[in-house]
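Chemist: Pasting the sequence and the predicted coordinates here, then a few questions.
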Amino acid sequence: MRNIEPHIKALAVLSLLGILCFFATLKAPFVYDDLHAIVENPHIRSLADFQEVVGIQNIFNRSVVLFTYAVNRHLGELDVFGFHLFNLLLHIFVGVVFYFLTTELLALETTERRARLRSLPLVAAAIHLMHPMAVQPVTYLSSRSSILASLFFLLGFYFFIQSLKLWQQRHRRYQMFFCIILVLLCCFLGAGSKEIIVTLPVIVMVYVWLQFPQLGLRKFGLLCLLVLAPLLLYLAYRYLHLGNLFVLKADPESMQMDRVLYFLTQIKVLIFYYLWKLILPLNLNFEPDVRLAAGLFDPEWLTGLAAMICLTAGLYLQKSRLLQFTFLWAFIAFLPTSSFIPLKQIVTEHRAYLPGFGIYLALGLALLAACRNRPVRTGMVMAAFLLLTALLTLNRSLDFRSEIVLWQDTAKKSPRKALVHNNLASAYLAEKMWTPAEAELQRALDLDPGQTDASINLGHLYSQREQWEKARIEFDRAILLGSPKAEAFYNAGLVRIHLNRTEEAIVFFKKAVEMKPQQAKYHFELGNAYRSLSLLDDALQEYRLTLENQPDHLQAHNNRGVIFWNLKQFSLAEEAFQKALPLSDKDPEIHNNLASIYLVQNRYEEAIPHLERLIALQPQNTKAKELLRVAMTMNDAATAQDRP
């Protein structure tokens with residue numbers, strides 16, 4: 001019991017630190033990629049249908065992350081508090097697992113040093129939980145994949161170490177197989193969260209190499225084959241499933257980058273951004289303005305390479321195997337995103353979540369070394385360091401309190417990045433702040449005339465002002481510049497409707513539907529366009545597809561009813577209107593349509609309640625009052641006639 005008590009106290013402290021540092025983020029809004037990853041994502045709308053729509057085994061689409069989003073939606077719809085609470089609890093749980101893993105990693109040190117480092121697990125886990133670099137992955141909900149993958153990484157690593165310990169105890173080797181099963185399960189769940197889990201087998205083998213130097217080359221090679229086998233199977237399966245190991249189909253823009261220049265740039269980024277920000281987390285930036293290296297002789301990447309070589313030499317010469325392991329962990333964990341596979345964002349802070357554990361261990365070692373054999377000083381230094389870290393984290397979390405504040409902060413730090421000004425304009429547009437939005441969009445287009453998103457947003461701005469021709473020009477420009485977004489085609493169609501160019505609009509709506517067939521509003525507007533041209537069969541088909549994607553689409557039900565009414569198919573019209581009624585009992589048009597259906601069929605008794613409801617909603621509707629008087633008269637006459 002005495003051995004457990006310190007751990008319980010440590011876990012309580014860690015949980016409290018995590019809550020104190022991130023409680024201010026629980027009401028932060030959805031921002032940027034959260035909209036398409038969560039808010040507009042059709043694959044997470046129904047938890048009951050998740051296995052059929054996505055399937056947990058569909059790991060290449062990050063099925064585990066999508067499942068957690070589906071759980072959030074099932075429990076609280078799109079209440080952002082639930083999503084943030086889930087992320088915060090995950091972050092704290094990661095810190096707890098990191099604490100226990102660090103207690104195992106102390107075995108890399110000598111017995112004498114282990115005694116001096118007994119507080120390292122608590123210190124390193126506290127740094128992780130409170131570090132400002134954790135704000136983005138915890139608060140930016142689309143970054144949940146980094147937290148989940150890191151959790152399964154740490155759990156898998158911990159269970160692997162337990163399996164090694166059990167192997168050394170002959171009478172408990174049967175328990176080792178249970179631990180191995182847990183390792184494989186963690187690998188599977190990690191692969192369904194984010195591809196960075198592929199670094200786990202490599203980092204595990206680095207640990208074995210440092211922990212058991214006496215193994216010999218033959219035994220170590222055999223163990224390597226066993227440990228790396230799941231990784232090789234995963235890569236083979238990925239190749240068979242996707243057809244390529246190093247092309248990201250979900251991010252086609254990134255494939256236009258030069259792989260060599262991207263790799264050289266990442267050498268600079270590793271040293272002068274990620275490592276620097278993990279050690280000194282000041283001036284953090286949601287969208288850093290980092291450009292590709294100019295070439296092989298670019299001095300920035302060459303300086304980064306020189307710094308990396310010096311760091312490697314220093315680590316090799318010093319005696320602590322644990323310190324060597326921490327930097328090897330960080331370097332290897334960065335490889336999936338910071339090597340020769342180009343990604344659209346050259347730098348983003350949530351990629352440092354998993355590699356950060358290595359640096360946090362190194363920071364913990366440095367703090368404890370600075371206060372060696374001085375417990376009072378150690379306590380004071382730790383308290384001061386953690387207080388400063390907490391203040392920086394709280395300050396950074398305030399940047400996420402609204403999308404406008406976030407992008408204003410980013411625009412100050414990356415003033416020459418067109419994407420940032422466009423995103424700030426998007427935030428202004430959402431709040432109907434037209435003038436600052438227009439200024440930011442013009443700034444974005446001045447920096448990058450080919451910024452298609454800025455043209456789309458400018459088109460939205462002109463649409464809000466009902467300047468339809470100007471809006472059409474902007475949407476068409478975005479399409480001509482090669483915008484891959486269905487939204488550009490959809491809005492190009494909408495402005496043509498306002499310009500009475502319906503036949504042209506249909507072409508754009510059809511292209512939008514082809515690009516995103518799950519978008520209900522695209523089908524709905526295409527249906528409206530067909531209806532205006534009296535192409536009723538086509539309109540009914542599009543309204544049906546609208547309702548397949550959004551069963552509660554009130555106007556689609558109503559429009560189907562109107563078409564059936566005009567075709568004098570009254571039973572089908574009634575069915576459509578009745579489906580619309582529960583969606584909005586306060587919509588006067590639905591009550592008017594149902595009353596009309598019943599009146600034309602002489603079903604006066606059924607028409608009366610809808611006319612009464614229509615009058616309650618529109619007290620000045622004299623026509624409804626007259627129809628109610630007629631319906632009541634006719635109903636009384638029919639009732640009197642039926643009497644014996």
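Modeler: Sure, I can see it.
Chemist: So which residue is dead centre in this protein?
Modeler: In the chain, the C-alpha nearest the mean C-alpha coordinate belongs to S142, at 1.7 Å (C-alpha atoms, centre = their mean).
Chemist: Do you have the helices of the stretch 101-250 of the chain handy? List them.
Modeler: All helices of the stretch 101-250 of the chain, identified by DSSP state H, counting those that start in this stretch, fall at 111-116, 120-130, 135-139, 144-167, 173-191, 199-211, 217-242.
Chemist: which parts of the fifth one are buried?
Modeler: Of the residues in helix 173-191, those buried under the neighbour-count criterion (16 or more other C-beta atoms under 10 Å) are M176, C179, I180, L182, V183, C186, C187, F188, L189, G190, A191. Using the backbone N, CA and C atoms, a C-beta is placed for each residue, glycine as well.
Chemist: hang on, the third one packs against Q162?
Modeler: No. The pair I180 and Q162 fails to qualify as a contact (C-beta atoms under 8 Å) at a distance of 9.7 Å.
Chemist: how long is stretch 210-220 end to end?
Modeler: Counting by C-alpha to C-alpha, to the nearest Å, you get 11 Å between the two ends of stretch 210-220.
Chemist: Need the residues that contact it.
Modeler: Among residues not part of stretch 210-220, those counted as contacts by C-beta atoms under 8 Å, 6 or more residues apart in numbering are A107, L108, V208, W209, L223, R321, Q324, F325.
Chemist: Which pair of the residues you listed spans the longest distance?
Modeler: Farthest-apart pair in the contacts of stretch 210-220 is L223 and Q324; separation 19.4 Å (C-beta to C-beta).
Chemist: For my notes, please list the contacts of stretch 210-220 in JSON lines and give pLDDT, distance to N602 and neighbour count for each entry.
Modeler: Formatted as JSON lines, the contacts of stretch 210-220 follow (pLDDT from 0 to 100; distance: C-beta to C-beta, whole Å; neighbours: other C-beta atoms under 10 Å):
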{"residue": "A107", "pLDDT": "90", "distance to N602": "88", "neighbour count": "16"}
{"residue": "L108", "pLDDT": "91", "distance to N602": "89", "neighbour count": "18"}
{"residue": "V208", "pLDDT": "90", "distance to N602": "86", "neighbour count": "19"}
{"residue": "W209", "pLDDT": "90", "distance to N602": "89", "neighbour count": "16"}
{"residue": "L223", "pLDDT": "83", "distance to N602": "86", "neighbour count": "17"}
{"residue": "R321", "pLDDT": "91", "distance to N602": "92", "neighbour count": "19"}
{"residue": "Q324", "pLDDT": "93", "distance to N602": "90", "neighbour count": "18"}
{"residue": "F325", "pLDDT": "94", "distance to N602": "86", "neighbour count": "22"}
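Chemist: circling back: quick one: the residue nearest to the centre of the chain from Q136, how far?
Modeler: 10 Å (C-beta to C-beta, to the nearest Å).
Chemist: go on, I404?
Modeler: Distance from I404 to Q136, by C-beta to C-beta: 17 Å.
Chemist: Please identify which of these two sits among more neighbours.
Modeler: Neighbours were counted for I404 and for Q136 using other C-beta atoms under 10 Å; Q136 has more, 24 against 17.
Chemist: quick one: contacts for that one?
Modeler: S143, L284, F286, T348, E349, H350.
Chemist: Would you mind listing where the protein has pLDDT under the threshold?
Modeler: Across the chain, the ranges flagged by pLDDT under 70 are 1-2, 170-173, 245-255, 372-378, 638, 640-644.
Chemist: Report the residue ranges of every domain in it.
Modeler: Domain assignment for the chain by automatic domain parsing gives 4-249+350-358+371-398, 552-644.
Chemist: Next, the buried residues of the helix or strand encompassing L363.
Modeler: Element membership for L363 (DSSP states H and E) is helix 356-370. Of all the residues in helix 356-370, those buried under the rule 16+ other C-beta under 10 Å are G356, F357, G358, I359, Y360, L361, A362, L363, G364, L365, L367, L368.
Chemist: Need those residues in a markdown table (columns: distance to K412).
Modeler: Listed next are these as a markdown table, based on distance: C-beta to C-beta, whole Å:
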| residue | distance to K412 |
| --- | --- |
| G356 | 25 |
| F357 | 30 |
| G358 | 31 |
| I359 | 26 |
| Y360 | 28 |
| L361 | 33 |
| A362 | 31 |
| L363 | 28 |
| G364 | 33 |
| L365 | 35 |
| L367 | 32 |
| L368 | 37 |
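Chemist: Relative to E503, which of those is nearest.
Modeler: Each of those was checked against E503 using C-beta to C-beta; the closest is G356, at 56.0 Å.
Chemist: So that closest one sits against A330, correct?
Modeler: Yes. Counting by C-beta under 8 Å, A330 is a contact partner of G356 at 7.4 Å.
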